[in-house]
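Engineer: here is the input, now give the coordinates:
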Amino acid sequence: MDMTTQFPILEQMDFFNHAGVAPISHRAATVLQEYALEASSFAYTKDKWYPQLAQVKRSLAQLINARGEHEIAFVPNTSTGLSMIANGIQWHQGDNVIISDVEYPANRYPWENLVKQGVELIEVPQLPDGTIDAEFVCNAITNRTRVVSLSSVQYASGFRIDLKPIAQMIHHAGGYLCVDGIQSVGLIPLDVQAIGIDFLAADGHKWLLGPEGLGFLYVHEDLVRLLHPTVIGWHSVVNPMDFGNYNFELHADAKRFEPGTQNIPGVLALGASVNLLQEVGIDTVWQNVQKLNEQLCNGLPDAGCQVLSPRGQGQFGGSVIFKPTNPEVNPKRVVAELQKQNIIAVVREGCIRVSPHFYNQPQQIDRLLEQLGKLCR
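Structural biologist: Residues are numbered from 1 along each chain as shown. Down below sits the predicted model:
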């Protein structure tokens, strides 16, 4: 595969913010162009696009080893997906939800909003080394815990938590495991069945290399009827094209969480990028990113930087978080100077975050380290 052809951004800059908003693949861009041209000339009359939606769902289901497309719903973003879970469960006074104290706001505010219903929000603290102890999470679970909701990989620390023992414990207590998968889906092999994940939401605009404004929600097939859709529309029901027959029968699968007309160009573009990732192989994607990040971490001390993100076995995702060893060097200034050299990194919680994808090249990491050495030493 010619990486420059598939990712033209390689000729423009060294882009290392795939944990933020990633460039879309060339395939996705081509699909969007084709959609725009056909929509302007023929509208929807060729009936070309709609049959492809189910195939994109099947690809997403394969990516996370869901049981099939019936467990996948398209949503505008991760926030919407997590809110659908939080607001779709029937809560009782005294129920609680467990999160960590360092979650991205998308996986905090929907649960914090339940406090007005008498639901307690319990926060498990991040440890000084940037990890979250799965055992601490398990110990916080009681018979009043309805949901544990955690990011598979934390946005600010890059820490990846072991979800399987947490799934076992919350299921033993009669509750559910909900996962914000945006920092892992498209990067790290993920098996919702093997782990025991009940609900998962993720956007397409990070590691999946799709456009903004389109993500997906996974709901275990046995739990679809547990959730009441918080937004209802004409697509939520069986036989939605039978407009005049007002038969309020919700879909028996995840389609009940899709209330209206889909973001067709977004779905098609996301599908193109997912297919590319599957052609490369998610194991290969993950191996390439690990190699790039190992190269980066090995060179950071000589560049005057200290690695902060956990790097133990099974603890890391696709991001490396670090800071200048010299406290007088401002991370924001470093990132601004890097951008002048067409090297894109970001600051998160006062530290520098670098997140390459599989198509990035070792020489790009070398250039980054060279510039960091000039700016941080």
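Engineer: for the nearest residue to Cys305 once chain neighbours are set aside, give the beta-bridge partners.
Structural biologist: Nearest residue to Cys305 in three dimensions, chain neighbours excluded: Phe322, at 4.6 Å (C-beta to C-beta, 6 or more residues apart in numbering). Where C-beta positions appear, they are placed from N, C-alpha and C, glycine not excepted. Phe322 has these beta-bridge partners by DSSP bridges: Val307, Ile352.
Engineer: what segments of the stretch 1-150 of the chain are strands?
Structural biologist: Assigned by DSSP state E, counting those that start in this stretch, the stretch 1-150 of the chain shows strands spanning 14-15, 72-75, 96-100, 120-124, 145-151.
Engineer: reformat those as JSON lines; add mean pLDDT, distance to Phe243 and mean neighbour count.
Structural biologist: Shown next, in JSON lines, are the strands of the stretch 1-150 of the chain (pLDDT from 0 to 100; distance: least, C-beta to C-beta, whole Å; neighbours: other C-beta atoms under 10 Å):
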{"stretch": "strand 14-15", "mean pLDDT": "98", "distance to Phe243": "46", "mean neighbour count": "22"}
{"stretch": "strand 72-75", "mean pLDDT": "98", "distance to Phe243": "21", "mean neighbour count": "25"}
{"stretch": "strand 96-100", "mean pLDDT": "98", "distance to Phe243": "39", "mean neighbour count": "23"}
{"stretch": "strand 120-124", "mean pLDDT": "98", "distance to Phe243": "42", "mean neighbour count": "17"}
{"stretch": "strand 145-151", "mean pLDDT": "98", "distance to Phe243": "37", "mean neighbour count": "24"}
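Engineer: low-confidence regions, the stretch 101-250 of the chain specifically.
Structural biologist: The model of the stretch 101-250 of the chain has no residue with pLDDT under 70.
Engineer: mind redoing it with 90?
Structural biologist: 240-244 (pLDDT under 90).
Engineer: could you check the distance from the nearest residue to Arg377 once chain neighbours are set aside over to Val335?
Structural biologist: Take Arg377 and drop its neighbours on the chain: the residue closest to it by C-beta to C-beta, 6+ apart is Gly304, 3.7 Å away. In this view, Gly304 and Val335 are 15 Å apart by C-beta to C-beta, to the nearest Å.
Engineer: mind checking which of those two has more residues around it?
Structural biologist: Val335 (19 against 16; other C-beta atoms under 10 Å).
Engineer: need the next SSE after the one helix or strand that one maps to, C-terminal direction.
Structural biologist: Here Val335 sits within helix 331-340, counting by DSSP states H and E. Per DSSP H and E, helix 331-340 leads on to strand 343-344 as the next helix or strand towards the C-terminus.
Engineer: appreciated, that's everything.
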